[in-house]
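Enquirer: Okay, predicted coordinates and the sequence, questions at the end:
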Amino acid sequence: MFFLEVSVGQYLGVGGMSVVGQLAPIFKGVGYSAIMMVFLENVYYIIVITWTLFYLFNTFMDLPSLPWSDCSKGNGTWATVSCWAPESGIPYAESVAAMHNISEADTETAVEQFWKNEVLHASGGIEEIGEVQWDLFICLIVAWALVYGFIWKGLHNSGKLLWVCAVFPYIILSILCVKALTLEGASEGLKFLFTPEWERLYEAEVWIDGGTQIFFSYGVGIGSLLALGSYNKFHHNCHRDAIFVCCVNSFTSIFSACVIFSILGYMAHQKGVEVGEVVQSGPALAFLVYPEVVLAIAPSPFWAFLFFIMLLNLGLDTQFSSVESLMTGLVDNWPEQLRPHRKKFTLGMTVFMCLLGLPMITRGGIYVFQLMDFYAASGLSLLWCVFFQTIAICWVFGAKKFYLCIEEMIGYRVSMYWYVCWVFLAPAFMVFIFVFYFVRYSPITMGAYHYPAWGEVLGFAISLSSMLWVPGYAIYYLLSTKGSWSEVLRQGVTPVIKPRKEAVMAEEKARLTCQDVRDVEMNIEADLSDDSCDSYDSKRCLGEDL
């Protein structure tokens, strides 16, 4: 799917909502669905960067140590009686938690309580939304200012920045990995990571999380790959790049997982509990695991600074691509109105999305964030969008036809493996996950907290805000297009491609080459000329209207 989206964007030279509509007009709603998803993603993903900036600024607040290094630093503010930091050297029997008859397994580390009580000021649930946290509000403003500062001209003009954002995290992650693997209990964490729990395959959440995590980590379905692919030169080898990027992405996921679970093993060893009981999975994981390991590396503030700079790079890299995808999709769909005012339009959109993010920096913001993370641009809505995008490109436009488009770009025909994946395996996989989710449905939770019924309804409404564009636009197209039902349906599945100049040149070059072959072969009275050129004519990518 990664290769398919990049190559489509590269071939047409445009991104966003206009792409699928060119290949299959009746499916143009897929583009609107993707734009809606990436809009929602931009609203909530920036909160991760906001939290990162908060930690980055606080790294310098208690030199030469860190604010979350010991429970005593939070006395009277964020530390409660259940706080106990094993690395502080105070035995559990002499801790405040023991004095209040709190069991060792029920204690929380300074890192955990700093996160919950200082960063989030978390309330009891989404019902208690509370007031805006002004320190997080300042960090949110800074985060959006950084994003706008780098994408106002367009992401394709920020190549050097992207190289820094891509390479720097590997350096820091490698250093943290070396330290994490030497921690006591790291082996238990790695054992937990690589030991399968087969019974969990019966849980719908595992499948929906696994499938959407793959799509989300590769950027599939939200338009960013179409937008970035559109900046490639027409004859760029996107096949080679797709394989390389996907391999690096998978390696990075495994590599970072090893670091995380090594630290989780260390934390479990310190508290004397099982690895699975240390912390709950979710958006907080990075802010609980990595701040723990930097405490074991001297000087801690220096390594904390490098880690949060790394996390900031990763977050900004993702946000850059998402915002660029949104801007490209909107500008390409209304080029005459928006392209001359792209900078002002981008500024207006960043301010608007910043305001929409305010509920997620309140005391109940983490619950709103979790709801957005689960329903907005992942799970059902993402699978729905990618499924119909695949159907539009590979079944309506035609995977075989697009094979020839790819051949025109890169100069050789790719393996049939891609055809089988695009036409059969990927759609079947998505249908299976979608159906299995409803068959084995379980309500959304956050640790021990269960969302109220209206919270789940709100979540499904968020998903439907992007999903309904696909059938909605199809119905609109059928009702608004003139002609009989059969004529309208035929028009709806007939491509209306606006090819980039290089695509037209490649097509014409192939035609001229074929005509030269005809002339030469006619001169030598060969019988193969008609077969070879007729074969080409039947495989044309762009159609006779050129």
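Expert: Arrived safely. Numbering: from 1, shown residues only.
Enquirer: Where does pLDDT dip in the stretch 151-300 of the chain?
Expert: 153-165, 271, 278-283 (pLDDT under 70).
Enquirer: That should have said the chain, apologies.
Expert: Using pLDDT under 70, the chain drops low at 15-16, 87-88, 153-165, 271, 278-283, 499-501, 503-504, 506-546.
Enquirer: got the contact list for the residue nearest the centre of the chain?
Expert: Among the residues of the chain, residue 216 comes closest to the average C-alpha position under C-alpha atoms, centre = their mean, at 3.5 Å. Contacts of residue 216 were listed using C-beta atoms under 8 Å, 6 or more residues apart in numbering, and they are 222, 377-378, 382. The way it works is simple: take the backbone N, C-alpha and C, and place the C-beta from them, glycine included.
Enquirer: swap the cut-off to 10 Å and go again
Expert: Contacts for residue 216 (C-beta atoms under 10 Å, 6 or more residues apart in numbering) come out as 41, 209, 222, 318, 373, 377-379, 382.
Enquirer: and it, what element?
Expert: helix 204-218 (DSSP states H and E).
Enquirer: Include secondary structure when you put the contacts of residue 216 into CSV, please.
Expert: Listed next are those as CSV, based on DSSP: H, G, I helix; E, B strand; the rest coil:
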residue, secondary structure
41, helix
209, helix
222, coil
318, helix
373, helix
377, coil
378, coil
379, helix
382, helix
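Enquirer: out of those, which is most surrounded?
Expert: Neighbour counts for the contacts of residue 216, by other C-beta atoms under 10 Å, peak at residue 222, which reaches 33 neighbours.
Enquirer: Quick check, that one in contact with residue 324.
Expert: No - with contact defined as C-beta atoms under 10 Å, residue 222 and residue 324 do not form a contacting pair (11.3 Å).
Enquirer: Sketch out the strands for the stretch 401-546 of the chain, chain order is fine.
Expert: For the stretch 401-546 of the chain, the strands defined by DSSP state E, counting those that start in this stretch occupy 445-446, 449-450.
Enquirer: ok, so what distance separates residue 263 from residue 170?
Expert: 18 Å (C-beta to C-beta, to the nearest Å).
Enquirer: Who has more neighbours out of those two?
Expert: The neighbour count for residue 263 versus residue 170, taken as other C-beta under 10 Å, is higher for residue 263 (27 against 15).
Enquirer: Then the more buried one would be within a helix, right?
Expert: Yes - under three-state DSSP, residue 263 falls within a helix.
Enquirer: Give the full set of residues in contact with it.
Expert: Neighbour list for residue 263: 176, 179-181, 183, 185-186, 189, 278, 288-294, 296 [criterion: C-beta under 10 Å, 6+ apart].
Enquirer: Would you confirm that residue 303 contacts residue 293?
Expert: Yes - counting by C-beta under 10 Å, residue 293 is a contact partner of residue 303 at 8.4 Å.
Enquirer: who touches both of those two?
Expert: In contact with both residue 303 and residue 293: 176, 179, using C-beta under 10 Å, 6+ apart.
Enquirer: Over to residue 84: give its phi and psi.
Expert: phi -150, psi 120 (degrees, to the nearest 10).
Enquirer: And for residue 75?
Expert: Dihedral angles (degrees, to the nearest 10) for residue 75: phi -60, psi 130.
Enquirer: Now do the same contact list for it.
Expert: Neighbours of residue 75 in contact, by C-beta under 10 Å, 6+ apart: 83, 96.
Enquirer: how close does it sit to residue 110?
Expert: According to C-beta to C-beta, residue 75 and residue 110 sit 11 Å apart.
Enquirer: what's the overlap in contacts for these two?
Expert: residue 83.
Enquirer: Now for residue 447, how many residues are close by?
Expert: 11.
Enquirer: is it true that it touches residue 284?
Expert: Yes - applying C-beta under 10 Å, one finds residue 447 in contact with residue 284, separated by 9.3 Å.
Enquirer: which residues are in contact with both of those two?
Expert: residue 370.
Enquirer: so what's residue 17 closest to, chain neighbours aside?
Expert: residue 31 (2.9 Å; C-beta to C-beta, 6 or more residues apart in numbering).
Enquirer: mind checking which helix or strand the one you found is in?
Expert: helix 29-58.
Enquirer: quick check: angle from that helix to helix 204-218?
Expert: 80 degrees (axes from the mean of the first three to the mean of the last three C-alpha atoms, to 10 degrees).
Enquirer: So for helix 29-58, what gets flagged as buried?
Expert: Residues of helix 29-58 classed as buried by neighbour count (16 or more other C-beta atoms under 10 Å): 29-56, 58.
Enquirer: between the helix or strand harbouring residue 251 and helix 204-218, how big is the angle?
Expert: Using DSSP H and E, residue 251 sits within helix 238-271. Computed by the same axes, to 10 degrees, the angle separating helix 238-271 from helix 204-218 equals 130 degrees.
Enquirer: Helix 238-271: what's the following helix or strand?
Expert: Sequence-wise, the next helix or strand downstream of helix 238-271 (DSSP H and E) is helix 285-294.
Enquirer: and that next one, what other elements does it pack with?
Expert: helix 29-58, helix 110-113, helix 159-181, helix 238-271, helix 300-333 (3 or more C-beta pairs under 10 Å, 6 or more residues apart in numbering; DSSP states H and E).
Enquirer: Figure out which of those helices is closest to residue 387.
Expert: Residue 387 lies closest, by C-beta to C-beta, to one member of those: helix 29-58, at 9.3 Å.
Enquirer: ok, the closest residue to residue 434 other than its chain neighbours - contacts?
Expert: Closest residue in space to residue 434, ignoring its immediate chain neighbours: residue 383 at 5.4 Å, by C-beta to C-beta, 6+ apart. Going by C-beta under 10 Å, 6+ apart, residue 383 touches 208, 211-212, 215, 221, 429-431, 433-434, 437, 467.
Enquirer: Compile those residues into CSV and extend it with columns for distance to residue 331 and neighbour count.
Expert: Formatted as CSV, those follow (distance: C-beta to C-beta, whole Å; neighbours: other C-beta atoms under 10 Å):
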residue, distance to residue 331, neighbour count
208, 33, 22
211, 31, 22
212, 27, 22
215, 25, 21
221, 20, 31
429, 33, 16
430, 29, 23
431, 33, 12
433, 33, 20
434, 32, 18
437, 34, 18
467, 24, 22
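Enquirer: Just give me the closest of those residues to residue 365.
Expert: residue 212 (22.4 Å).
Enquirer: measure the closest one to residue 233 for me?
Expert: From residue 212 to residue 233 the distance is 32 Å (C-beta to C-beta).
Enquirer: related to what we said a few turns ago, surely the residue nearest to residue 17 meets residue 223?
Expert: Yes - the pair residue 31 / residue 223 is scored as a contact, 7.6 Å apart, by C-beta under 10 Å.
Enquirer: Quick check: phi and psi at residue 83.
Expert: Per degrees, to the nearest 10, the backbone of residue 83 is at phi -80, psi 130.
Enquirer: Distance check, it against residue 102.
Expert: 10 Å.
Enquirer: what do you get for residue 327?
Expert: 51 Å.
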